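Participant: generate coordinates for the sequence data below:
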Amino acid sequence: MTYAKQKTELELVISIGANIPGILGDPITTIAAMRPQIEESIIKWNDALNRPKIDSQNIDKSLSFKWAPLFETEPLGGPIDQPKFINTVLVVEGESFASVTPNEKAAICLMKKFLELEKIAGRERGNTEILWEPRSLDIDFIAWGELQINTNTLILPHPRLSQRNFVLIPLAEVLSKAQGKTKRITYKNIWPE
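Facilitator: Next up is the predicted model:
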């Protein structure tokens, strides 16, 4: 028996969170205000990657931005008295990704764009002694297709993804919208969970 080969997924997965007010307002207001800027940064980055391979006038229309709902989550690590986080996940896919092979240089370029957006939202990364400190905006690059890199600037896929419910639960929401909801079934006499 032969099976058709599945296409390789070249999705970008990005996690966005905040737990303290910044120059744009409270965490929800900040994330909402940065949403179009995050999308625009990805469009411009993708346009630069694809030039001159495809018509740049339509490149942004070929991208699909799938946002998860906002979730309130407990801080993971860091100071014990910090406020709860507001988190979401963005999954980006599109036809124009098909012509670009995921690569380290392009991934690091996109991460630098995310760091610039964090600065616009008022995040300062000065104190490196406190891990997981409160943030006015945190944009984490989680994955790009099957790309695996490990540099001082970026590690993909994100090394602690499996330990981060604040990424996994919103990501599951996005994926369930695309693939259809699952149905929980109960068979207590043979499956107690």
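Participant: who touches Thr30 in this structure?
Facilitator: Applying C-beta atoms under 8 Å, 6 or more residues apart in numbering, we find Thr30 in contact with 18, 21-22, 24, 121-122, 136-137. Heads up, the C-betas are built off the backbone N, CA and C, glycines and all.
Participant: any idea which element it lies in?
Facilitator: helix 27-50 (DSSP states H and E).
Participant: the helix or strand following that helix pairs with which strands, and in what direction?
Facilitator: Sequence-wise, the next helix or strand downstream of helix 27-50 (DSSP H and E) is strand 63-67. If you go by DSSP bridges, strand 63-67 pairs up with strand 85-94 (antiparallel).
Participant: how far off centre is the strand it pairs with?
Facilitator: With C-alpha atoms, centre = their mean, to the nearest Å as the basis, strand 85-94 stands 4 Å off its chain's centre.
Participant: ok and it relative to helix 27-50, angle-wise?
Facilitator: Strand 85-94 and helix 27-50 meet at an angle of 20 degrees, taking axes from the mean of the first three to the mean of the last three C-alpha atoms, to 10 degrees as the criterion.
Participant: what does strand 85-94 contact?
Facilitator: Applying C-beta under 8 Å, 6+ apart, the contact partners of strand 85-94 are 9-19, 27-28, 31, 38, 42, 46, 62-75, 142, 166-167, 170-171, 173-175.
Participant: pull out the buried positions in that strand.
Facilitator: Residues 85-94 are the ones in strand 85-94 that count as buried (16 or more other C-beta atoms under 10 Å).
Participant: check stretch 146-158 too.
Facilitator: Residues of stretch 146-158 classed as buried: 147, 149, 154, 156-158 (neighbour count, 16+ other C-beta under 10 Å).
Participant: also stretch 13-33?
Facilitator: Result for stretch 13-33 [16+ other C-beta under 10 Å]: buried residues 13-20, 22, 24-27, 30-31, 33.
Participant: nearest to Arg51 among those?
Facilitator: The closest of these to Arg51 turns out to be Ile14 (C-beta to C-beta; 22.2 Å).
Participant: you'd agree the closest one is in a strand?
Facilitator: Yes - counting by DSSP: H, G, I helix; E, B strand; the rest coil, Ile14 is part of a strand.
Participant: bridging residues for the closest residue in space to it that isn't next to it in sequence?
Facilitator: Leaving aside its sequence neighbours, Ile14 sits nearest to Leu90 (C-beta to C-beta, 6 or more residues apart in numbering; 4.6 Å). Assessed by DSSP bridges, Leu90 has beta-bridge partners Ile14, Trp67.
Participant: and Leu90, what pLDDT?
Facilitator: Per-residue pLDDT puts Leu90 at 96.
Participant: and for Ile139?
Facilitator: The predicted local confidence for Ile139 is 94.
Participant: Three-state assignment for it, please.
Facilitator: Under three-state DSSP, the three-state class of Ile139 is strand.
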